[in-house]
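In: A predicted structure for the sequence below; I have some questions about it.
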Amino acid sequence: QVRLVESGGGLAQPGGSLRLSCVASGFVFDTYAMSWARQVPGKGLQWVAGIYADGSETHYQDSVKGRFTISSDNAKNTVFLQMNDLHPEDTALYHCTKVNQARPLVFEYDSWGPGTQVTVSS
């Protein structure tokens with residue numbers, strides 16, 4: 001059974017930083033791409049960033065390019081999202097997601113965790 005557990009969310013000021021972590025279990029971690037998606041009340045999941053199973057490529061939504069960095073530690077079944085220069089519009093519930101391919105053209109996820117809340121406010 002796939003299990004994804006996020007941590008690291010909290011309150012940050014505009015321009016601040018947070019680092020999210022996600023520990024995965026229940027599947028062979030290094031054979032699937034992973035991604036982060038976020039959700040605000042009343043809207044669906046919005047893809048934010050993705051990383052290939054072997055870590056060879058990363059991809060980002062335009063609004064976070066240059067500010068967010070996704071990485072993974074396959075030995076620890078963990079994926080990270082370093083978020084710098086946070087904006088108020090980054091406020092959302094951030095979910096770690098398992099993607100259904102190792103090197104996808106489109107990051108389609110088939111499982112996601114309960115999420116960790118990120119709030120950006122002064």
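Out: That came in fine, so what should we check first?
In: chain center to the helix or strand of the chain with the lowest mean pLDDT: distance?
Out: The helix or strand of the chain with the poorest confidence is strand 109-112; it has a mean of 93 (mean pLDDT, DSSP states H and E). The chain centroid and the centroid of strand 109-112 are separated by 12 Å under C-alpha atoms, centre = their mean, to the nearest Å.
In: and what of stretch 85-103?
Out: 4 Å.
In: Would you indicate which residues of stretch 97-116 are buried?
Out: For stretch 97-116, the buried set under the neighbour-count rule, 16 or more other C-beta atoms under 10 Å, comprises 97-99, 104, 107, 109, 111-113, 115-116. No exception for glycine: its C-beta is placed from N, CA and C like everyone else's.
In: what's in contact with that stretch?
Out: 2-9, 20, 22, 24, 27, 31-37, 39, 45, 47, 50, 52-54, 56-57, 59, 93-96 (C-beta atoms under 8 Å, 6 or more residues apart in numbering).
In: No further questions, thank you.
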